[in-house]
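Q: Predicted model and sequence follow; I will ask about them next.
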Amino acid sequence: MAIAGRYQMIPRLKPTLGWQELAALLPPAGEEEIQRFEQAFARLMGQKHAIAFPYGRTGLVLLLEALGLKEREVICPAYTCVVVPHAIVTSGNEPVFVDSQEEDFNMNLDLVPEAITEKTGAIVATSIFGYPVDLDRLDKIRQQHPQIPIIQDCAHSFAAEWKGRPVQQAGDAAIFGSNISKILTSIFGGMVTTDRDDLADKLRQLRKARIQPPTWQKAWRRRLYLAAIYPAFTAPIYGMTNALERSGLLNRFVKYYDEGIIEMPTDYLVGMTGVEAKVGQVQVGRYHDIIANRRQVAEFYDKHLQEIPNFILPPLVEGATYSHYVPRTEHRQQRMQYALKHGVQLGQIIEYCIPQMSAYRDRSGNRFACPVARQMAKTTVNLPVYLAKQGNQALKIVELLSKYNKI
């Protein structure tokens, strides 16, 4: 009992899984499951085509190739997941970083026109943390530069809406990631959606030519990985999982970047497995409940954390999907350590400004100051946002954050 009490912990993230996902791990799981997942995902997103890939970043690499881009500049946020510029570089193009805006963490679209040159090949518009990108301002950019494709990065947001408009539909294509940290998971994996028949055909051709068929060993590794997730994220065991993570013993599973290296996963050109697609189909059926829960917990935090000093709450935005709930504080590490000591793990993703990373510091696309992105990288903290139906845990987090300011 002493050991259980010591390690009892609320994780910073937790996939929404049930017995159906566990049942989906059972054979058979053939290639036809991938097509079913694609069809279900396309219906969910309200789009004509969905093309599955082993990772979202794989989809971005081949999407840029399908758009005919090589040795071009691709505009993207300075404050985003580093796998986005990694994929841009891997595709043979150059990321150009644009600063963020404080209101919702997204790329400041008012700064994008200055970044556009004759070399600009595409714009990646990210709806970070589930906050929908401002489609009104993006529409103006499209009207002024109709030759530049717009790629919606929906890895965090999925079907977030801007004034009732689904962001994934407002561009030439959208990219999604579906690992266990995402709103919807297929264990690993990613998806590209589009309403352009020509682009969908080209993507499928490239996938057939470039992506190797998955092996049976990969399929069983995915099964074992998800089976291990079930106990690993339970409160009595997660404390031990976290201790192993902090010791560095789980780096190969949880650390997704090295500041000085531009790289892709070794299997980024090995196809999605049927078992991943089966799990993804179950998750598609859960999507609306997952989003409803996240919106509830975001509203709960917003209601109960207003009075905490030196703790800037993120906005409540209609149409946001809240992949993360991200306050800002100058005392990030102190708050995280205090919460951890009392059984709550807070997160700090995204804790970097990409132009400051050694791998990108001297690249040609790093030509604009990004002060807002730098500040966000230092101050954002993520609260667990999967707890809407577990009010006691959400209340515990609120009480802990309130007590921190009284010690």
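A: Thanks, I have the structure now. Residues are numbered from 1 along each chain as shown.
Q: Quick check: L44 vs F176, distance?
A: Distance of L44 to F176, computed by Cβ to Cβ, to the nearest Å: 10 Å. Placement of C-beta: from N, CA and C, glycine included.
Q: between the two, who's got more neighbours?
A: Counted by other Cβ atoms under 10 Å, L44 and F176 do not tie: F176 has more neighbours, with 29 against 19.
Q: Can you name the residues in contact with the longest strand seen in the chain?
A: Assignment by DSSP state E gives strand 120-126 as the longest strand of the chain. For strand 120-126, contacts defined as Cβ atoms under 8 Å, 6 or more residues apart in numbering pick out 60, 64, 67, 69, 72-77, 80, 84, 88, 93, 96, 106-107, 109, 112, 133, 138, 141, 145, 148-153, 155-156, 167, 171.
Q: Give me the helices and strands touching the helix or strand following it, please.
A: Scanning forward in sequence from strand 120-126 by DSSP states H and E, the next helix or strand is helix 135-144. Counting contacts by 3 or more Cβ pairs under 8 Å, 6 or more residues apart in numbering; DSSP states H and E, helix 135-144 is packed against helix 112-115, strand 150-153.
Q: quick one: average pLDDT of the last one?
A: Confidence over strand 150-153, taken as the mean pLDDT, stands at 99.
Q: Identify the single longest helix in this protein, thanks.
A: helix 274-304 (DSSP state H).
Q: in it, what's buried?
A: 274-284, 286-287, 290-291, 293-298, 300-301, 304 (16 or more other Cβ atoms under 10 Å).
Q: Can you say which of the helices and strands packed on helix 135-144 is nearest to R223?
A: With Cβ to Cβ as the measure, strand 150-153 is the member of the helices and strands packed on helix 135-144 nearest R223 (29.1 Å).
Q: the helices in the stretch 51-200 of the chain, which residues?
A: For the stretch 51-200 of the chain, the helices defined by DSSP state H, counting those that start in this stretch cover 56-66, 83-90, 112-115, 135-144, 197-210.
Q: If you count contacts, what does the third one end up packed against?
A: Helix 112-115 makes packing contacts with strand 94-98, helix 135-144 when contacts are defined by 3+ Cβ pairs under 8 Å, 6+ apart.
Q: ditto for the first one
A: Secondary structure elements in contact with helix 56-66, counted by 3+ Cβ pairs under 8 Å, 6+ apart, are strand 49-53, helix 83-90, strand 120-126, strand 173-177, strand 190-194, helix 197-210.
Q: L313 is nearest to which of those?
A: Closest approach to L313 among the helices and strands packed on helix 56-66 is made by strand 120-126 (21.1 Å; Cβ to Cβ).
Q: where's the nearest residue to R210 once chain neighbours are set aside relative to L64, distance?
A: Among residues not flanking R210 along the chain, L269 sits closest, at 6.1 Å (Cβ to Cβ, 6 or more residues apart in numbering). L269 is 15 Å from L64, where distance means Cβ to Cβ.
Q: Comparing these two, which residue is more hemmed in?
A: Just comparing L269 and L64: by other Cβ under 10 Å the higher neighbour count belongs to L64, 25 against 17.
Q: Not counting sequence-adjacent ones, nearest residue to that one?
A: S91 (4.1 Å).
Q: wait, doesn't the one you found sit right on E65?
A: Yes. S91 is within contact range of E65, at 6.0 Å (criterion: Cβ atoms under 8 Å).
Q: More neighbours: which of these two?
A: Each of S91 and E65 has its neighbours counted (other Cβ under 10 Å); S91 has more, 21 against 17.
Q: which stretches of this protein aren't confidently modelled?
A: The chain contains residues with pLDDT under 70 at 1-7, 244, 246-255, 388-391, 406-407.
Q: Recalculate using a threshold of 50.
A: 1-6 (pLDDT under 50).
Q: Determine the number of other residues adjacent to P113.
A: 11.
Q: right, I mislabeled it, should have said Q356
A: By other Cβ under 10 Å, neighbour count at Q356 equals 16.
Q: How about the contacts made by it?
A: 374, 377.
Q: quick one: it from G260, how far?
A: Applying Cβ to Cβ to Q356 and G260 gives a distance of 12 Å.
Q: Equivalent analysis for Y79, please.
A: On the measure of Cβ to Cβ, Y79 and G260 end up 19 Å apart.
Q: And G239, by the same measure?
A: Applying Cβ to Cβ to G239 and G260 gives a distance of 32 Å.
Q: and if you look at K303?
A: Taking Cβ to Cβ, one finds K303 at 42 Å from G260.
Q: Without its sequence neighbours, what residue ends up closest to V282?
A: Per Cβ to Cβ, 6+ apart, closest to V282 is Q20, 4.6 Å.
Q: Can you get me a residue count around the one you found?
A: 14.
Q: Can you point out the buried residues in whatever helix or strand it lives in?
A: Q20 is part of helix 19-24, with elements assigned from DSSP H and E. Buried residues in helix 19-24, counting neighbours by 16+ other Cβ under 10 Å, are found at 21, 24.
Q: Quick check: which helices or strands does it pack against?
A: helix 216-232, helix 274-304.
Q: let's see it at 7 Å
A: Using 3 or more Cβ pairs under 7 Å, 6 or more residues apart in numbering; DSSP states H and E, the elements in contact with helix 19-24 are helix 274-304.
Q: Could you count how many residues lie near Q147?
A: For Q147, the tally of surrounding residues (other Cβ under 10 Å) stands at 7.
Q: I meant L305, not that one.
A: Applying other Cβ under 10 Å, I find that L305 has 17 neighbouring residues.
Q: cool, and the one 3 residues further on?
A: When neighbours are defined as other Cβ under 10 Å, I308 has 17 of them.
Q: Just the element for it, please.
A: Assigned by DSSP H and E, I308 falls outside every helix and strand.
Q: Which residues are in contact with it?
A: For I308, the contact set (Cβ atoms under 7 Å, 6 or more residues apart in numbering) comprises 401-402, 405.
Q: which of those residues has the most neighbours?
A: L401 (23 neighbours).
Q: Grab the nearest non-local neighbour of that one.
A: I308 (5.9 Å).
Q: Sounds good, over and out.
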